[in-house]
Each structure stands twice: as structure tokens, then as C-alpha cells.
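*Asks:* Below are the sequence and a predicted model for it; my questions follow.
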Amino acid sequence: MPTHKTLAATGNSVVAEAMRQCAPDVMAAYPITPQTTIVEEFAGFVAKGRVHTEYVTVESEHSAMSACVGASAAGARVMTATSSQGLALMWEELHIASGMRLPIVMANANRAISAPINIHCDHSDIMGARDSGWVTYFAETAQEAYDNTIMAVRVAEHSDVMLPVMTCLDGFITTHSIDRVSVMDDESVAGFVGSYKPKNALLDTDAPVLHGAFAGLGGPYFEFKKQQRVAIENARAVIKSVGEEYSALSGRPFDVVETWGMEDAETAIVVIGSTAGNARHVARDLRAKGQKVGIVKIRVWRPFPYAELASVLKGLKAVAVLDRAESFGAEGGPLYLEVRSALYDAETRVPVVGYIYGLGGADVKLELMEKVYSDLSDIAAGTAAPAGLVYLGAREEA
Amino acid sequence: MANLKELTHREDRLAGGHRLCAGCGASIAVRQVLLGAGTDPLVVGCATGCLEVSTTIYPYSSWKTPFIHNAFENSAATVSGVEAAFKGLQRAGKIPADKKMKFVAFGGDGGTYDIGLQSLSGAMERGHDMVYVCYDNGAYMNTGIQRSSATPKGAWATTAEVGAAQQGKLQRRKDLTQIIAAHNVPYAAQASISHWKDLTSKAEKAFAVEGPAFLNVFAPCPRGWRIPSNQSVESAKLAVQTGFWPLYEVENGVFRQTVKVMNRKPVTEFLKPQGRFKHLFAPGNEALLAEIQSDVDRAWDSLMARCVTE
């Protein structure tokens, strides 16, 4: 059994620690707020000789992911980290990494996208990258950020998957707050992730391969894309089995959809990331007052857990979906659209309300969670109909 | 430096049967450069462009060596990653410490002078042990002859048109070789497919260097230049003989002319055979021709002033 050490540490610090323990052969990274302390701490590990990693201090996030693609195709275990504008600058490379089936692991410190420029948390960066073919985890806490990083390596490198994996943590909230985190010893993590045995490596000169062929002119582009769909569908089972194995090792539960109070809940909030904590805090108070409320937290965003969500939400009297990102011109935020889609085939159509909240780090006060539960209570009691899109906590005028 | 007879015994690592146009300068540049790579295993990276799409049509490959294509602007960053993987895996003991490998990135002038300049500059500054080769045909040829920052002043291109108000490209070309030399890389050179001995010996030096090396290889495009397929090498030779494309190298900061041009021909001898400069020879454009000549003269004098005399 592993030795556990309890630390008071930030999310970024334990992500860097998890990366060190997973021993990447290459890290190529560019600093960006609020990801910066991950790459700084990792630079410290390199300088102290605590990892064998070749650290490529690139000149941009585009080159960071480009170098990761080259290194991963070469046959190395590869990691990086980014945020916001950096993730946006990587956009075409995100698609190339998944299209070339390269098991790169990247942490993303969720942050708003310009304009106006803003450095605080929301999910518009990752939602902009949502269709790039990356398996995507979200963390509520620093502990989950640590755990997700380690599981990500196994999922990415699994022969049924071979896809890049992104692990998201909320900028400044999870990245910079000091939290209580249990960290395993190096040998246990090394044993869990194992060593990477690449197939089709450029550096294997006994079996020369070509990466990144031209597949136009009636070539197999379409068929390759179908294979990517198969791979990310395969990831569903792999994420679960890796999660179970990791749970057994770490002693901490894992599921793609994590619930609180859902056994007899009548209303529920569906949420991603750190806000689950605020919602749970309010839900606990309401439960004490006899209200049957619950929380559904999505821990894996891609592949999206449609079946799990439909199963846990069926029969509820009202559901609120909290989106920390916009989808301009759509009926609601990205999570709202997915939840509604998950419920389309449910036997009874559950009323779903969509809230956009916390954009650019806007405060997520407990009163706002109370208002959401109060709205749900009115809908459940039949005294209010589900409203359209609600901007939760936005001032009337800026 | 190997002689021609010895070079003919070396294996071509770019096979025939690729789908580049007849007379394409890029494939000649690649073969000559790779002849200079010796016998160590080699990984080739390539930017998006003619060279890449014509040699890697799935499921075929013209490359007798491991090859990676990533995107248009990042072959330098991509090969940085490959080279970093080699170092990281060697440090981890997963690749024998005494194994030698070479790394080369190719890009056209569009992917090098323009969209890829940042990625190239970053790779050169970081000091990766790689050779970056620009095959310069002076336009975005893959997408149909649009101007790049390597397109000569006055040249016709589909985004630098010729009409009553404009005579082709309005701006001078960028001097990329000197920009990269200013990075203080151990080796940077300007070469041409018309001078095989000069080019292969520069390639040998570039591959022998520990750290980053840069080769800017003049590689005509018959299609874009509006010349017959059999005139590529001749056009490249005229570029050298007129001083439009001086052959020189910068070794640890020392500039040296590598092919002397005793009696520099007027630049019109390079321009005239090419359809893309046809309009310059119409009445009324004499001043523009004179300006192009004066630009060539000034650049030549400035370069010669920097070169050591031997």
C-alpha cells in the first residue's frame, strides 16, 4: 500500500508534483497566468535533477503543443500545461494531437478568454476546445487535480484509447488556494502509471514510420475521424476501470458523475469544477431544513456521461444547470445543452433551467446558490415555470 | 567534403516517384541537403506545403527515413520536440547514451520567412541540435503563387498583381539568412540548388555542428516563376551569377563568401527569362528595373563588407 503524505498546498503545486511523479520524458511549456506556477515548480524539479525530463521552454503555447506533438510522436511520455489564451493559441495543435493519436497529458487552468481581457476563472477556454478530441477531466479541488493528473496518464496511454487528455482546474480558485491534499509516495505513483511503451515511435529507427501523412484526394481523412470517435468512446470504459484501480490505491472515490444527496432528491444542481463546493455547502443547509436537494458534479466532460446523467436525473421535479461559459446564440451554455440532450430520451421530461454564472471570475456567492435552489423549489411546486437563460449574479449595468 | 563520385554512392533518402512537379527545386534541395547528413539515423520534419503533400500521400511515403508533418508554421517547434524526446529518453536510459541521431526540419519560404518565423526563431534561440532548411522559391506556391515576404520586389503573384496601378510586389524581400545569423547560431548559410558542391558541403557542416544550424536554399518553382521545367537549375545559377542570391556562410559569427562571382551579371539576366517579371520589361518600368538593380548592388556591397577576405 502507498504511503500518503498530507500537504497544505495549492492545486498548481500538486499538479506539478503529480507530473513529476509520472516522470514525463519531455515537457514543453509556456507560462501563462494562472497556470504559471505549475511550469515554474516543474522547472525547479528539473533544475534540482529530480526528474529526467527534457524541459523545452518554448516561445509560445502554439510551439508548446507543436513540440509536444513532435516529442510524443517521437515516442516520449509528454506533458504540458496551459490556460485561456494559451489554450486558444493551441487550438489547431489540439486537433493535430488527437488526430495523430498522441497520448499527451495537459493541465488547463481554466480562465476567461478575451475580450475584455480578464485573468480570472471561467470555463470559456476549455469549452472553446471541447470538440478537439481530447479526453477532458475537471477537478473540484486540489486533491482531484492531483488525482486526475495521475489517472490521465493511464487513460491517455491505454492501447484502446491513445488520445491526449486534458485535466482542468479552476484558475486562482483551485490553482492558487491552499488546500489539504493527500499525496502518494513516488514509487506508488510510478507503479500505477507504469512505463510508457510507445508504438510507431519516430525514434525507433529499426521500424521507420511516417506521422502526419496527407489524406486528401479521396484519402482516408473521414475514416480516421471515425476511428477517433471509436477511441474516445473506448475511453468511457477505460476511465472507469482506471478510476476504480486508482480508488483502490488512493482510498478516494472516483466516478465520472459524482453525486451528493441524490438518493431521494427532488431538485438538483448540475455543476462542473470548484462551484460544486459552494453548491454542496448550500445544499447541506437546505437538507438540514428538510428540503430534498442534491448535487450532480461532472468530473469527466469528454466523453460526456450522457447515460450516467440521465440515470441520476430521471424523475426529478426540476434541475438547474450551471454554466461558467457562454455559447453565444445557442439556447444556453455548453453544459446546459449537453444535459438537455442527455435527458431527451428519458421517460419523463425533467424541467431543466440554465444559468450562466461567474464569467471572468465574477463572485459565486452562497446567496446565488440559494436563489437557484429557491427557483427549483418554485418550479417543483408548480408556482413557477422554467425560465429561459438566466444570468446569475450579473449586475444590471456594468 | 565528398566528391561527386562519392556522393553518387550515397543512398537518396527521398525516393523518386513522389508527386512534385517536374523541375521542382524543392526535391533537388532536399536530396542535396540529405546527402550531407552522413549515415547517422535521421528524423525529417516538414512544414505543410508542396514538399509535404507531394511526398506523403497516404498510404505512400517517399521518405526512407522517419518523418513527421505537423502543421504549416511549426516544423521547427515540432522537430524541437523530437530532438527533446531523444535527449529525455537518453537521460532516462531508454535510448543508449552513445546512439547518434540527426534531426532536420524543412519548410518553404512561406512557412519559414512568414508564418513560421516565430517558431524558427524560438528553436534557434533554444539551441536544439537540429538543422533547419528553408527551400526558398519566393512565394506561397502550394496554394497557387501568392506573394510571401521572400517574393522579390516587382514579381507578379496572385496577391501582388500587375495592372495600371501596380507592377507586381511593391516591397523588397526579407533577408532571412541574416536574421537567423543574428541569432548567433553556430552555423547559417545561403545556398542554391545550382551549386551542388557548395550546397552539400554546407549541409555537411550544418549537420556536423552541435546545436542549431540553418540553411536557406534557393529552389526555383517552374510553375510559379513561369519558366520551362528544364530551366530550374539555370534560373538558380543566374540568381547566383547576378548577385541576386549570394552564396555565403556564417560560421560562429564569421561571414564568408563561398562562391566567388567575378563579373556580376546585370540582374535583368535573372529576371528576363521568368514570366513573373515579364511586365517589368514593358516600356515605362525602366525606373523599377533600375531600382531592383540598385537594391541588389546595395545588398551585395553590404554583404561583401561583412565577409572576411581570404
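*Replies:* On my side now, so go ahead.
*Asks:* Sketch out the helices for the stretch 151-300 of chain B, chain order is fine.
*Replies:* Counting by DSSP state H, counting those that start in this stretch, the stretch 151-300 of chain B has helices at residues B:176-181, B:196-208, B:222-225, B:232-241, B:268-271, B:286-306.
*Asks:* Could you do the stretch 1-150 of chain A as well?
*Replies:* A:11-22, A:36-47, A:61-74, A:84-89, A:91-99, A:124-128, A:142-157.
*Asks:* quick one: secondary structure of the residue in chain B that chain A sits nearest to?
*Replies:* Residue nearest to chain A within chain B (Cβ to the nearest Cβ): B:G81, separated by 2.8 Å. The way it works is simple: take the backbone N, C-alpha and C, and place the C-beta from them, glycine included. Using DSSP: H, G, I helix; E, B strand; the rest coil, the structure places B:G81 in helix.
*Asks:* Just the closest residue of the stretch 51-200 of chain A to chain B, please.
*Replies:* Closest point on the stretch 51-200 of chain A to chain B, by Cβ to the nearest Cβ, is A:G70, at 2.8 Å.
*Asks:* Quick one: residues contacting that residue.
*Replies:* B:G45, B:I68, B:N70, B:A77, B:T78, B:V79, B:S80, B:G81, B:V82, B:A84, B:A85 (Cβ atoms under 8 Å, 6 or more residues apart in numbering or on different chains).
*Asks:* Next: A:T141.
*Replies:* A:T141 neighbours (Cβ under 8 Å, 6+ apart): A:G11, A:T174, A:D179, A:S274, A:G277.
*Asks:* Of all the helices of the stretch 1-150 of chain A, which one is nearest B:V250?
*Replies:* helix A:61-74 (24.3 Å; Cβ to Cβ).
*Asks:* if you average pLDDT over the closest one, what comes out?
*Replies:* Helix A:61-74 carries an average pLDDT of 98.
*Asks:* got the angle between it and helix A:142-157?
*Replies:* 50 degrees (axes from the mean of the first three to the mean of the last three Cα atoms, to 10 degrees).
*Asks:* Compute the distance from the centre of helix A:61-74 to the centre of its chain.
*Replies:* 20 Å (Cα atoms, centre = their mean, to the nearest Å).
*Asks:* now swap in stretch B:143-163 and tell me
*Replies:* 18 Å.
*Asks:* Kindly check the end-to-end length of that stretch for me.
*Replies:* End-to-end span of stretch B:143-163 (Cα to Cα, to the nearest Å): 22 Å.
*Asks:* Let me know whether that stretch sits next to chain A.
*Replies:* No - with Cβ under 8 Å from any Cβ of the partner chain as the criterion, chain A is not reached by stretch B:143-163; the gap is at least 13.4 Å.
*Asks:* what's next to that stretch, contact-wise?
*Replies:* Counting by Cβ under 8 Å, 6+ apart, B:109-110, B:113-114, B:136, B:138-140, B:166-174, B:176, B:223-224, B:244, B:271, B:275-280, B:288-289, B:291-292, B:295 sit against stretch B:143-163.
*Asks:* one more time with 6 Å, if that's ok
*Replies:* Residues outside stretch B:143-163 that contact it (Cβ atoms under 6 Å, 6 or more residues apart in numbering or on different chains) are B:109-110, B:113-114, B:136, B:138-140, B:168-169, B:172-174, B:224, B:276, B:279-280, B:288, B:292.
*Asks:* now, which of those lie within strands?
*Replies:* When DSSP state E defines the strands, the subset of these inside them is B:D136.
*Asks:* For A:G212, which non-adjacent residue is spatially closest?
*Replies:* Excluding the flanking residues, the one nearest A:G212 by Cβ to Cβ, 6 or more residues apart in numbering or on different chains is B:H69, at 3.5 Å.
*Asks:* Tell me, how many residues neighbour the residue in the stretch 101-250 of chain A that chain B sits nearest to?
*Replies:* Closest contact between the stretch 101-250 of chain A and chain B, by Cβ to the nearest Cβ, is at A:G212 (3.5 Å). Using other Cβ atoms under 10 Å in any protein chain shown, the number of residues around A:G212 comes to 23.
*Asks:* now do B:A155
*Replies:* As a burial measure, B:A155 scores 25 neighbours (other Cβ under 10 Å).
*Asks:* Then B:Y60?
*Replies:* 15.
*Asks:* go on, B:M304?
*Replies:* B:M304, neighbours per other Cβ under 10 Å, totals 15.
*Asks:* got a pLDDT number for it?
*Replies:* 97.
*Asks:* Now A:R101. Nearest residue, chain neighbours left out?
*Replies:* A:R101's closest residue in space is A:M162 (Cβ to Cβ, 6+ apart), at 4.4 Å.
*Asks:* Pull up the gap between that neighbour and A:M65, please.
*Replies:* 17 Å (Cβ to Cβ, to the nearest Å).
*Asks:* more crowded one of the two?
*Replies:* A:M65 (36 against 22).
*Asks:* A:M90 is in contact with that one, correct?
*Replies:* Yes - judged on Cβ atoms under 6 Å, A:M65 makes contact with A:M90 at a distance of 4.3 Å.
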